[in-house]
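Peer 1: what's the 3D shape of this:
(one chain, ligands or ions: 1)
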Amino acid sequence: MDRFADAREEMVSRQLEGRGLRDKRVLAAMRKVPRHRFVSKKLSEHAYRDMPLTIGHYQSISQPYMVALMCELLELSATDTVLEVGTGSGYAAAVLSELCGHVVTVERISELAKNARDVLGVLECNPVEVHCIDGTIGFPDRSPYDAILVSAGAPAVPEVLKHQLKSGGRLVIPVGNSRMNQDLLRIRRISEQKFETESHGGVAFVPLVGEDGWSD
Ligand code: SAH
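Peer 2: Got it, this is the predicted structure:
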């Protein structure tokens, strides 16, 4: 327990259950992971508010609801191997680690990757691999993945990510032709060459920057 336990509980009941999220494993993970540890001390009082918060380098930790929604859409089970592109603070990676067997997360900004590695290392969450690379090309070393979460907005779906999914695997990614607004897509790999895409509404993520993303 910590002094934010009540705030965290209220976040889950109002922001998540109150908006219709029902996946019990996701709700339990959101109840457990101490979001305040992933923001600066100055912002910790705001950590359980219904909004993204700055983490420096013009990047942000996503709104709690968005993290929970994306995790629900990934349909994770306890033995899954998951890739996250866009570690940022490491918060979503910590939540993912509660939901699956192995998490690999990649971040292009080295200081953010280092900070995330440090905080994930001291918390009682399951082990997470953090790498500092351009995730628009995925992370082939651990592929294929049961699920891939992209935590930044892409101009288009990077083909290489689709092909790092197992058959039956899910890719959740915000995609849009402006740097500011996207549609949240879930792409399911049906077979070797067959993919199904569905949209889960409008979202606003920081841009995915890299070889197969937006330019710097
Ligand atoms: N999941 C994060 C949210 C981070 S915001 C959290 O829970 O805090 C998105 C992050 O994606 C930023 O840190 C940004 O630097 C990173 N990013 C953008 N383009 C990237 C790329 N091509 N590869 C890896 N990380 C990228």
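Peer 1: mind listing what the residue nearest to Leu69 when sequence neighbours are not counted touches?
Peer 2: Nearest residue to Leu69, sequence neighbours excluded (Cβ to Cβ, 6 or more residues apart in numbering): Leu21, at 6.6 Å. Every C-beta, even on glycine, is put in place using the N, C-alpha and C of the backbone. With contact taken as Cβ atoms under 8 Å, 6 or more residues apart in numbering, Leu21 is in contact with Leu27, Tyr65, Ala68, Leu69, Glu72.
Peer 1: interface residues of the chain facing the ligand?
Peer 2: 59-62, 85-86, 88-89, 91-92, 106-109, 112, 134-136, 151-152, 206, 208-210, 213 (Cβ under 6 Å from any ligand atom).
Peer 1: could you pull up the mean pLDDT of stretch 109-124?
Peer 2: Taken as a whole, stretch 109-124 carries a mean pLDDT of 96.
Peer 1: how about that stretch: buried residues?
Peer 2: Buried residues in stretch 109-124, counted by 16 or more other Cβ atoms under 10 Å: Ile109, Leu112, Ala113, Asn115, Ala116, Arg117, Val119, Leu120, Leu123.
Peer 1: kindly reformat those residues as CSV containing secondary structure.
Peer 2: Shown next, in CSV, are the buried residues of stretch 109-124 (DSSP: H, G, I helix; E, B strand; the rest coil):
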residue, secondary structure
Ile109, coil
Leu112, helix
Ala113, helix
Asn115, helix
Ala116, helix
Arg117, helix
Val119, helix
Leu120, helix
Leu123, coil
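Peer 1: quick one, strands of this structure?
Peer 2: In the chain, strands defined by DSSP state E lie at 53-56, 59-61, 81-85, 102-107, 128-132, 145-150, 165-175, 182-189, 195-203, listed in chain order.
Peer 1: could you dump these to JSON lines with distance to Arg35?
Peer 2: Formatted as JSON lines, the strands of the chain follow (distance: least, Cβ to Cβ, whole Å):
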{"stretch": "strand 53-56", "distance to Arg35": "9"}
{"stretch": "strand 59-61", "distance to Arg35": "8"}
{"stretch": "strand 81-85", "distance to Arg35": "16"}
{"stretch": "strand 102-107", "distance to Arg35": "16"}
{"stretch": "strand 128-132", "distance to Arg35": "16"}
{"stretch": "strand 145-150", "distance to Arg35": "17"}
{"stretch": "strand 165-175", "distance to Arg35": "20"}
{"stretch": "strand 182-189", "distance to Arg35": "20"}
{"stretch": "strand 195-203", "distance to Arg35": "19"}
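Peer 1: so where's this structure uncertain?
Peer 2: Under the criterion pLDDT under 70, no range of the chain is flagged.
Peer 1: ok so, going back, and the strands of the chain as a markdown table, adding distance to Glu45 and mean neighbour count?
Peer 2: Below are those laid out as a markdown table (distance: least, Cβ to Cβ, whole Å; neighbours: other Cβ atoms under 10 Å):
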| stretch | distance to Glu45 | mean neighbour count |
| --- | --- | --- |
| strand 53-56 | 11 | 16 |
| strand 59-61 | 14 | 20 |
| strand 81-85 | 27 | 26 |
| strand 102-107 | 26 | 25 |
| strand 128-132 | 26 | 19 |
| strand 145-150 | 28 | 26 |
| strand 165-175 | 28 | 21 |
| strand 182-189 | 29 | 20 |
| strand 195-203 | 26 | 13 |
